[in-house]
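*Asks:* Pasting the sequence and the predicted model now:
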Amino acid sequence: MPDSLIPYDEIVQEALRAVVGRVLREIERGGLPGEHHFYITFKTTASGVDIPDHLRERFPDEMTIVIQNKFWDLTVGDDSFSIGLSFNQIPANLHVPYAAITAFVDPSVDFGLQFQVEGDPGEPAPHEDAENDHPEPASDGVDGEDGSNVVTVDFGQKK
């Protein structure tokens with residue numbers, strides 16, 4: 001198959017990241033409806049990510065935050081979002097560009113998106129959840145193998 005001169009993978013990734021922004025903008029306006037809550041995984045070293053040093057030390061590559069019960073100052077922009085969260089009862093403000101996000105999951109409706117971050121060689125390194133003060137989630141089975149709504153876009157690595 002010939003290499004495409006049209007960057008389809010980048011176009012699709014950008015469009016799907018816009019879904020994350022639109023969802024967060026809805027939450028910014030009206031709060032979380034019903035049982036909806038989100039797991040957002042992002043690269044802590046990506047350009048534009050601003051998190052406290054103690055979190056960057058604990059999560060030098062990637063971290064997952066939960067937007068559910070305790071969050072404040074959600075501000076959604078065209079290219080990024082900022083949010084206040086509590087980690088082990090210590091408040092922190094985070095700024096995350098959409099381009100740094102590797103996964104967005106809403107387990108309440110079995111929906112998820114997975115992304116490649118530029119410069120990311122593939123599968124993310126194993127990491128522990130950020131444990132921002134949230135109840136332990138039930139196993140949600142969001143892995144795409146059970147008919148779930150997980151969308152993974154992978155056009156392969158460029159050569």
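*Replies:* That came through, no problem.
*Asks:* Tell me the bridge partners for the residue nearest the centre of the chain.
*Replies:* Averaging the C-alpha coordinates of the chain gives a centre point, and the residue nearest to it by C-alpha atoms, centre = their mean is residue 40 (2.9 Å). For residue 40, the beta-bridge assignment (DSSP bridges) gives partners residue 65, residue 104.
*Asks:* list the contacts for it?
*Replies:* By C-beta atoms under 8 Å, 6 or more residues apart in numbering, residue 40 lies in contact with 20, 64, 65, 67, 96, 101, 103, 104, 105. C-beta coordinates here come from the backbone N, C-alpha and C atoms, glycine included.
*Asks:* and if you look at residue 43?
*Replies:* Counting by C-beta under 8 Å, 6+ apart, residue 43 has contacts 49, 61, 62, 100, 102, 117, 120.
*Asks:* In ChimeraX, how would I select just the buried ones from the residues you listed?
*Replies:* Entered in ChimeraX, the line below selects the buried ones among those, by 16 or more other C-beta atoms under 10 Å:
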select :49,62,100,102,117
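*Asks:* Among the contacts of residue 43, name the ones in strands.
*Replies:* When DSSP state E defines the strands, the subset of the contacts of residue 43 inside them is 62, 102.
*Asks:* Save the contacts of residue 43 as CSV, and put in distance to residue 30 and pLDDT too.
*Replies:* What follows is the contacts of residue 43, written out as CSV (distance: C-beta to C-beta, whole Å; pLDDT from 0 to 100):
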residue, distance to residue 30, pLDDT
49, 27, 97
61, 34, 95
62, 29, 96
100, 25, 96
102, 27, 96
117, 29, 80
120, 33, 51
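*Asks:* Enumerate the positions of the helix or strand containing residue 12 that are buried.
*Replies:* Under the criterion of DSSP states H and E, residue 12 resides in helix 8-30. By neighbour count, and taking 16+ other C-beta under 10 Å as the criterion, the buried residues in helix 8-30 are 9, 13, 16, 17, 20, 21, 23, 24, 25, 27.
*Asks:* picking that back up, out of the contacts of residue 40, name the two that are farthest from one another.
*Replies:* Taking C-beta to C-beta, the two most distant members of the contacts of residue 40 are 96 and 105; they sit 15.0 Å apart.
*Asks:* residues contacting residue 100?
*Replies:* When contacts are counted by C-beta under 8 Å, 6+ apart, residue 100 is found next to 42, 43, 46, 47, 48, 49, 117.
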